[in-house]
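Participant: Let me see the structure of the following:
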Amino acid sequence: MKFSEAYDLANVVWSYFFEWNMPEEFGALLNVRCEDLALRLVKPHKDSALHLFLRRFYTMNYIWEFERSRDDMLNLIIQEYEAVLQYNTIPYRRSELPLEQDVNYERLAKRRISYLRKKLPVDRIAQDTFQLLFRDRAFLLRFNDRLSQSVRSLASLRTSGLVTRNGTLRRARLPAWLRRGIFYRDNGRCVSCGSDLTGLMFNGPAVHYDHIVPLAAFGSNDPTNFQLLCSRCNLRKSTHPRTWERYPVFWGATPSKRAS
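Facilitator: Okay, the predicted model is just below:
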């Protein structure tokens, strides 16, 4: 993984949900009426709704917007795309920059840009960014709360087999890869009270894979909408969209002593 681009994208996306508050743009980026997305919400898919969102967000804001703002400096776009490919060690066909005084400059430059654009590692950048954001349950709560607004529109369609009579999505069985991922991310502990759920020390409370935004609140079965709870905390949470910012500390910082 190469996190330099991922940190930048993660910061922008985080700000999108916590500071910019643009639900209309969210709906455009994740149109729940799209059958591909709807299937991801009904049944957990490794290529989650957040992956899909990140790819579209990057394409719209880092590619199309960049090209639009630099449409009078085509060689700059070429140089930037080549730099991204070189940094990510992606092979591409080398070529001299088109000369601006050439009568065919614009046609040649746009052809080059189209070639390089197709080589950009959008999937890799989205995956690296997902690794960062997936650990932030406060972000996942905000993401899935916004996604639930789109799920309501899916429910209103009453698509055959996708929703219950109440208009909410059906519960799905969690595959082993998702249970492992949630258990690993949450360190085998209840994210609410911190109870040890590994069973290594003693037989404690039962493990519950809880929907951060419950299905009853139009949550989904997307992998980003699950967290680890003990049975007691899960019953206490009931059908309220909620998570806790309880994270392990690798080591505590020791205050430095001033030299006397």
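Participant: What's the end-to-end length of stretch 188-199?
Facilitator: 9 Å (C-alpha to C-alpha, to the nearest Å).
Participant: what's that stretch in contact with?
Facilitator: Stretch 188-199 is contacted by residues 137, 183, 202, 204-205, 207, 227-230, 232-233, 236-237, 243-244, 246 when judged by C-beta atoms under 8 Å, 6 or more residues apart in numbering. Where C-beta positions appear, they are placed from N, C-alpha and C, glycine not excepted.
Participant: One more pass at 6 Å, please.
Facilitator: By C-beta atoms under 6 Å, 6 or more residues apart in numbering, the surrounding residues in contact with stretch 188-199 are G204, P205, V207, Q227, L228, L229, C230, C233, W244, R246.
Participant: now that stretch, how far from the centre of its chain.
Facilitator: 24 Å (C-alpha atoms, centre = their mean, to the nearest Å).
Participant: which parts of that stretch are buried?
Facilitator: Neighbour counts over stretch 188-199 (16 or more other C-beta atoms under 10 Å) mark G188, R189, C190, V191, S192, S195, L197 as buried.
Participant: ok, the nearest residue to the third one once chain neighbours are set aside - contacts?
Facilitator: The shortest distance from C190 to any residue that is not its chain neighbour, by C-beta to C-beta, 6 or more residues apart in numbering, is 4.0 Å, and that residue is C230. C230 makes contact with C190, S195, P205 under the criterion C-beta under 6 Å, 6+ apart.
Participant: So which bits of the helix or strand Q79 falls within are buried?
Facilitator: Using DSSP states H and E, Q79 falls within helix 74-87. Buried residues in helix 74-87, counted by 16+ other C-beta under 10 Å: L74, N75, I77, I78, E80, Y81, E82, V84, L85.
Participant: CSV for these, including pLDDT?
Facilitator: Listed next are the buried residues of helix 74-87 as CSV, based on pLDDT from 0 to 100:
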residue, pLDDT
L74, 94
N75, 94
I77, 93
I78, 95
E80, 92
Y81, 94
E82, 94
V84, 90
L85, 93
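Participant: so can I have a markdown table of those residues showing distance to G219?
Facilitator: Listed next are the buried residues of helix 74-87 as a markdown table, based on distance: C-beta to C-beta, whole Å:
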| residue | distance to G219 |
| --- | --- |
| L74 | 45 |
| N75 | 48 |
| I77 | 40 |
| I78 | 44 |
| E80 | 39 |
| Y81 | 38 |
| E82 | 43 |
| V84 | 36 |
| L85 | 39 |
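Participant: Which one of the residues you listed is nearest to L169?
Facilitator: Here the nearest of the buried residues of helix 74-87 to L169, counting by C-beta to C-beta, is V84; it sits at 37.4 Å.
Participant: how close does the nearest residue to that closest one once chain neighbours are set aside sit to E65?
Facilitator: Nearest residue to V84, sequence neighbours excluded (C-beta to C-beta, 6+ apart): L120, at 6.2 Å. Distance, L120 to E65, using C-beta to C-beta, to the nearest Å: 14 Å.
Participant: mind checking the SS state of L229?
Facilitator: strand (DSSP: H, G, I helix; E, B strand; the rest coil).
Participant: got a list of what it touches?
Facilitator: L229 neighbours (C-beta under 6 Å, 6+ apart): C190, S192, H208, D210.
Participant: Can you show me the strands along the chain?
Facilitator: Remark: strands assigned in the chain by DSSP state E are 207-211, 226-230.
Participant: helices or strands up against the first one?
Facilitator: Counting contacts by 3 or more C-beta pairs under 6 Å, 6 or more residues apart in numbering; DSSP states H and E, the secondary-structure elements packed against strand 207-211 are strand 226-230, helix 231-237.
Participant: Format these as CSV; extra columns: mean pLDDT and distance to R171.
Facilitator: Formatted as CSV, the helices and strands packed on strand 207-211 follow (pLDDT from 0 to 100; distance: least, C-beta to C-beta, whole Å):
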stretch, mean pLDDT, distance to R171
strand 226-230, 96, 12
helix 231-237, 93, 14
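Participant: I'd like the ones you listed laid out as a markdown table, including distance to H45.
Facilitator: Below are those laid out as a markdown table (distance: least, C-beta to C-beta, whole Å):
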| stretch | distance to H45 |
| --- | --- |
| strand 226-230 | 13 |
| helix 231-237 | 24 |
